[in-house]
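Participant: Pasted the sequence and its predicted model underneath.
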Amino acid sequence: MAKEVRVRYAPSPTGFLHIGGARTALFNYLYAKHHNGKFIVRIEDTDVERNVEGGEASQLDNLKWLGMEYDESIDIGGPYAPYRQMERLDIYKEHAEKLLEQGSAYKCFCSSEKLEASREEQKARGVAAPTYDGTCRHLSAEEVAAKEAAGEQYTIRMRVPENVTYEFEDLVRGQVTFESKDIGDWVLVKANGIPTYNYAVVLDDHFMEISHVFRGEEHLSNTPKQMMIFDAFGWEYPSYGHMTLIINENRKKLSKRDESIIQFVTQYKDLGYLPEAMFNFFALLGWSPEGEEEIFSKEEFIKIFDEKRLSKSPSMFDKQKLTWMNNQYIKKLSLEEVVALSLPHLQKAGLLPEELTEEERAWATDLIALYHDQMSFGAEIVELSRLFFNDHIEYDEEAKAVLEGEQVPEVMTAFKAQLESLEEFTPDTVKAAIKAVQKETGHKGKNLFMPIRVVTTGETHGPELPNAICLIGKQKTIDRVEKFAQ
């Protein structure tokens, strides 16, 4: 019987769920669900000083928002609990003792000052990647006992095997090889008793029966260290797949300090992006389906996901593609859903009151309907609809050029008269008024519509003109025409 597929996403609560973490979680999720396996979320919280308030909740809440339902974690439990590393310290301590007993690890009493001096000395000799110099590797049992008796603090280091080649078939990159001679004896347990990442992750993966690990390429160099621990206990390795970097549009590695790109999932949520669109976008960030189609449901992604199609080249975060994709999903929403998505942003911007009357809500619904097909994300409604809230219109150069037409005064005088004569102010009556101006003045096409659009809205492009004018309102539209004529 084939081994059950069990994958994990193991974030550190030192920050909120960001683009890279979301993509890592998503590929693990898709792989698990494609193979009818389990998706586990484990919290690696051993970097206590850097943990931030709300970091843990951000990870879990945003995974749920994106539609990645996990099978085991800190909030729902599971057969391999606990799922927080700081609640598993006894496990790490017990197995560190075993490594010491069998000689796979040793106690290191070197001070931070001595370690720093050794690093600097190696750098001075031209060593590109300094490693531990092995001072405590050969201490006798008596020497160790004496140092402990004297109260000297120690870390526990892995005794890296000599002349060993570590090889594995990466699910993304193919054959990968490391030599043990390039890896210095590394710390398993810090002086405060807290395990390091490369040690704890192996015990967690083993005892939680993780079968496959998909993670970012920055973890590639960690793999041989983890393989050493598996070997020391005689355990089977999981299968590893290291995904390529995410780069920005300048082809630079995406950094949390890169202000050209919104970094955190909650920010997209707050801006009114749709979780289905974000799921779709992240799924194509380093993975490609067969064919040209780019819009898929979650269920379709689960069905077609194939790890062999994970990219070996860096993945570019294309902001325009994301907004295009979100727009595709917004177009499919009902008007009621689009109103729920975008109305709070008009209220937050102070353009509409928090409590709306029935009449105000109907007006806001008509306003949002104008931009339903154009909107790329909920918050965009604020800028798209700004013309309906401006008391003073500023004409840009393109608008000024339109208003310089010699026919403009005649068109606007006739249009003002038509507006004033309207008893009912609806898109149909406004449309009829524009038609009457055409008949009266003989002007048509751009010479007719563009001056009316610019004077009433302040813009040269926009939604259906009669609908826009109707939403601006009769008196406000007349005021704008009069102001232009002054």
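Facilitator: Perfect, I can see it now. Residues are numbered from 1 along each chain as shown.
Participant: Could you pull out the strands in the stretch 101-250 of the chain for me?
Facilitator: Along the stretch 101-250 of the chain, the segments classed as strands by DSSP state E, counting those that start in this stretch run 105-108, 155-158, 165-170, 174-179, 187-189, 212-216, 239-243, 246-247.
Participant: any residues touching the fifth one, and which ones?
Facilitator: Contacts made with strand 187-189 from outside it, assessed by CB atoms under 8 Å, 6 or more residues apart in numbering, are listed as 92-93, 96, 99, 105, 108, 155-158, 195-196, 198-199, 229. All C-beta atoms are positioned from the backbone trio N, CA, C, and that covers glycine.
Participant: One more pass at 6 Å, please.
Facilitator: 96, 105, 155-158, 195-196, 199 (CB atoms under 6 Å, 6 or more residues apart in numbering).
Participant: just to revisit the earlier point, please convert the strands of the stretch 101-250 of the chain to CSV, extending it with mean pLDDT.
Facilitator: Shown next, in CSV, are those (pLDDT from 0 to 100):
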stretch, mean pLDDT
strand 105-108, 98
strand 155-158, 98
strand 165-170, 97
strand 174-179, 97
strand 187-189, 98
strand 212-216, 97
strand 239-243, 97
strand 246-247, 93
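Participant: As CSV, those strands with distance to V408 and mean neighbour count would be great.
Facilitator: CSV is the format used below for those (distance: least, CB to CB, whole Å; neighbours: other CB atoms under 10 Å):
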stretch, distance to V408, mean neighbour count
strand 105-108, 84, 22
strand 155-158, 81, 22
strand 165-170, 67, 14
strand 174-179, 68, 12
strand 187-189, 77, 24
strand 212-216, 59, 21
strand 239-243, 58, 21
strand 246-247, 49, 18
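Participant: Dump the contacts of strand 187-189 into TSV; add distance to Y237 as well.
Facilitator: What follows is those, written out as TSV (distance: CB to CB, whole Å):
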residue	distance to Y237
A96	20
A105	19
T155	25
I156	22
R157	22
M158	16
P195	19
T196	19
Y199	15
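Participant: Which of those residues sits closest to K439?
Facilitator: Distance to K439 across the contacts of strand 187-189 (CB to CB) is lowest for T196, with 82.3 Å.
Participant: so R361, which of the three states?
Facilitator: Secondary structure, DSSP: H, G, I helix; E, B strand; the rest coil: R361 is helix.
Participant: Quickly note the distance from it to M375.
Facilitator: Per CB to CB, to the nearest Å, R361 is found 18 Å from M375.
Participant: Likewise for A22?
Facilitator: Look at A22 and M375: by CB to CB, they are 23 Å apart.
Participant: just the helices in the stretch 301-450 of the chain please.
Facilitator: With DSSP state H, counting those that start in this stretch as the criterion, the stretch 301-450 of the chain has helices at 319-331, 335-348, 358-370, 381-384, 397-403, 408-421, 427-441, 446-457.
Participant: Do me a favour and get the end-to-end distance for stretch 467-476?
Facilitator: With CA to CA, to the nearest Å as the measure, stretch 467-476 spans 14 Å from end to end.
Participant: same check, this time on stretch 50-61
Facilitator: 20 Å.
Participant: Also stretch 36-56?
Facilitator: First-to-last distance for stretch 36-56 - CA to CA - comes to 27 Å.
Participant: from the middle of its chain, how far away would that stretch be?
Facilitator: 16 Å (CA atoms, centre = their mean, to the nearest Å).
Participant: and it, which residues are buried?
Facilitator: 37-46, 51, 55-56 (16 or more other CB atoms under 10 Å).
Participant: Please flag which of those sit within helices.
Facilitator: Within the buried residues of stretch 36-56, membership in helices is found for 55-56, as judged by DSSP state H.
Participant: what's the closest of the buried residues of stretch 36-56 to L387?
Facilitator: G55 (40.9 Å).
Participant: doesn't S12 make contact with the closest one?
Facilitator: No - using CB atoms under 6 Å, G55 makes no contact with S12, being 7.7 Å away.
Participant: Quote the end-to-end distance of stretch 288-297.
Facilitator: First-to-last residue span, stretch 288-297, CA to CA: 14 Å.
Participant: I misspoke; the intended subject was stretch 252-265.
Facilitator: End-to-end for stretch 252-265, by CA to CA: 20 Å.
Participant: List the contacts of that stretch.
Facilitator: Contacts for stretch 252-265 (CB under 6 Å, 6+ apart): 16-18, 22, 62, 245-248, 317.
Participant: Would you point out the most distant pair within the residues you listed?
Facilitator: So, the contacts of stretch 252-265 by CB to CB: farthest apart are N62 and I247, at 22.5 Å.
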